[in-house]
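Trainee: Predicted model, plus sequence, below.
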Amino acid sequence: MVPNLSGRSVLKVVDYEPAELRFLLDRSAALKADKKAGQEERLLTGKNIALIFEKTSTRTRAAFEVAAFDQGAHITYFDPAGSQMGHKESIADTARVLGRMYDAIQYRGSAQDNVETLAEFAGVPVYNGLTNEWHPTQMLADFLTMEEHTEKPLHETTFAFLGDGRYNMGRSLLVMGALMGCDVRIVGPTDLAPPEDVISLAEGIATETGAQITITDDPIAGVAGADFVHTDVWVSMGEPKEVWVSRVEQLTDYQVNASLMAATGVEDTKFLHCLPAFHNTLTTIGGDIIAETNMPDGLEVTHEVFESEASIVFDQAENRMHTVKAILVESLT
Ligand code: CP
Ligand code: NVA
């Protein structure tokens, strides 16, 4: 039976059944193929979508805007200083106002509770464009990208995430991997491991889906046999810049470099990163931190790996748009 996702919010991946996620991945691939063939059908003509960003963005904003435009919908972008929400008006009140005017709302901010409250009061679908806890729209892009770069079905693939497992990307990859039945390794220092409740959640899902879950501080054992290696920035949006130096010390052994990629033992392991990435000195933050910490070749990933044949990060970035489009089309028709 084809899942019916009409009217559904996307707040975190665990709210979805594996079959529903499978359906969204298939719809994403179909919509991508249609666009590339010049055969896209406009299914969202006349729809209006509010995009609230309390943190900065390149990919997520672009993905929602282009997906909406391609499908004939209109958007309003609220920048981090551009709405009354939170400081002059409660989230519940903002939700009820926007829900009267818009067909859907995207929210990027800090607390997961905020996006859950928006969804509770808006009366229209709400999409989580990243909170500290979860990044569900990124998950569809990451899994579509992995599928595009392997002959194996997802439940036969092995992937490792290296870095801060407490934050949105580590937690989301752990739970999404569990839902899709993958061999999942979350690799980083014990202090930065995902919280126990998230590990238990993933382990519970794994008993149903056949996923393998490993949480380890051993980078070499953690990546052994990995078809895909993921990482993320070492300091996330909303964290104070003062944590950079100690975080670099904690995570240096988990940098994705050529020897770590070789340690998978898999000939064609691919590299993924949600981006933005600190792999050179061409950004103000990256340049300052690399200079201050004497990390010669990049932070979470070396320039060599980032620019290598193994790197599929720009396919992954493009897929943000196709997967967001699938979410918009399926929730708004
Ligand atoms: N990956 C991602 O969410 O990128 P942006 O912060 O640019 O939206
Ligand atoms: N963990 C990162 C992800 C960026 C897409 C952050 O929250 O800044």
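Mentor: That came through, no problem. Remember, it's a predicted structure, so these values are computed and weren't measured experimentally. Ligands and ions are numbered 1, 2, ... in the order given.
Trainee: Just the CA coordinates for the helix or strand Arg61 falls within, please, in CSV.
Mentor: Take DSSP states H and E as the rule and Arg61 turns out to sit in helix 59-70. Provided in CSV are the C-alpha atoms of helix 59-70 (Å, rounded to 0.1, in the frame of the first residue of the first chain):
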residue,chain,number,x,y,z
ARG,A,59,21.5,24.5,1.8
THR,A,60,18.3,24.2,3.8
ARG,A,61,17.0,27.6,2.7
ALA,A,62,18.0,27.0,-0.9
ALA,A,63,16.4,23.5,-0.9
PHE,A,64,13.1,24.7,0.4
GLU,A,65,13.0,27.8,-1.8
VAL,A,66,13.9,26.0,-5.0
ALA,A,67,11.7,23.0,-4.3
ALA,A,68,8.8,25.3,-3.7
PHE,A,69,9.4,27.4,-6.8
ASP,A,70,9.8,24.3,-9.0
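Trainee: For that helix, which helices and strands make contact with it?
Mentor: The contact analysis (3 or more Cβ pairs under 8 Å, 6 or more residues apart in numbering; DSSP states H and E) places helix 59-70 against strand 48-53, strand 74-78, strand 104-108, helix 136-148, helix 313-332. For every residue, glycine as well, the C-beta is placed using N, CA and C.
Trainee: mind giving me CSV with those and columns for mean pLDDT?
Mentor: Formatted as CSV, the helices and strands packed on helix 59-70 follow (pLDDT from 0 to 100):
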stretch, mean pLDDT
strand 48-53, 98
strand 74-78, 97
strand 104-108, 98
helix 136-148, 99
helix 313-332, 99
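Trainee: Let me know which of those is the nearest to ligand 1.
Mentor: Closest to ligand 1 of these, according to Cβ to the nearest ligand atom: helix 136-148, at 5.5 Å.
Trainee: tell me which residues of that closest one are tucked away?
Mentor: Residues of helix 136-148 classed as buried by neighbour count (16 or more other Cβ atoms under 10 Å): 136-147.
Trainee: So which elements touch that helix?
Mentor: In terms of contacts (3+ Cβ pairs under 8 Å, 6+ apart), helix 136-148 is packed against helix 18-36, helix 59-70, strand 126-128, helix 168-179, strand 270-273, helix 313-332.
Trainee: Stretch 122-141: end-to-end distance?
Mentor: 26 Å (Cα to Cα, to the nearest Å).
Trainee: so does it get close to ligand 1?
Mentor: Yes. Stretch 122-141 reaches ligand 1 (Cβ under 6 Å from any ligand atom) through 130, 138.
Trainee: who's in contact with the closest residue to ligand 1 within the stretch 201-333 of the chain?
Mentor: Residue nearest to ligand 1 within the stretch 201-333 of the chain: Cys274 (3.8 Å; Cβ to the nearest ligand atom). Contact partners of Cys274, counting by Cβ atoms under 8 Å, 6 or more residues apart in numbering, are 59, 135, 138, 142, 169, 230, 232, 316.
Trainee: now the third one: how far from ligand 2?
Mentor: Spelled out, it's Gln138. Distance, Gln138 to ligand 2, using Cβ to the nearest ligand atom, to the nearest Å: 7 Å.
Trainee: Ok, Glu89 next?
Mentor: Per Cβ to the nearest ligand atom, Glu89 is found 25 Å from ligand 2.
Trainee: what do you get for Ile91?
Mentor: From Ile91 across to ligand 2, the span is 20 Å (Cβ to the nearest ligand atom).
Trainee: Near ligand 2, which residues of this structure? Just list them.
Mentor: Residues of the chain lying close to ligand 2 (Cβ under 6 Å from any ligand atom) are 130, 167-169, 232-233, 236-237, 274.
Trainee: Can you give me the buried ones in the worst-scoring helix or strand of the chain on mean pLDDT?
Mentor: Across the helices and strands of the chain, mean confidence by mean pLDDT, DSSP states H and E is lowest for helix 284-293: a mean of 89. Across helix 284-293, burial judged by 16+ other Cβ under 10 Å covers 286, 289-290.
Trainee: repeat for stretch 72-79
Mentor: So, applying 16+ other Cβ under 10 Å, buried residues of stretch 72-79: 73, 75, 78.
Trainee: what's next to that stretch, contact-wise?
Mentor: The contact list for stretch 72-79, computed with Cβ under 8 Å, 6+ apart, reads 42-53, 61, 64-65, 68-69, 85, 102-103, 328, 332.
Trainee: All set now, cheers.
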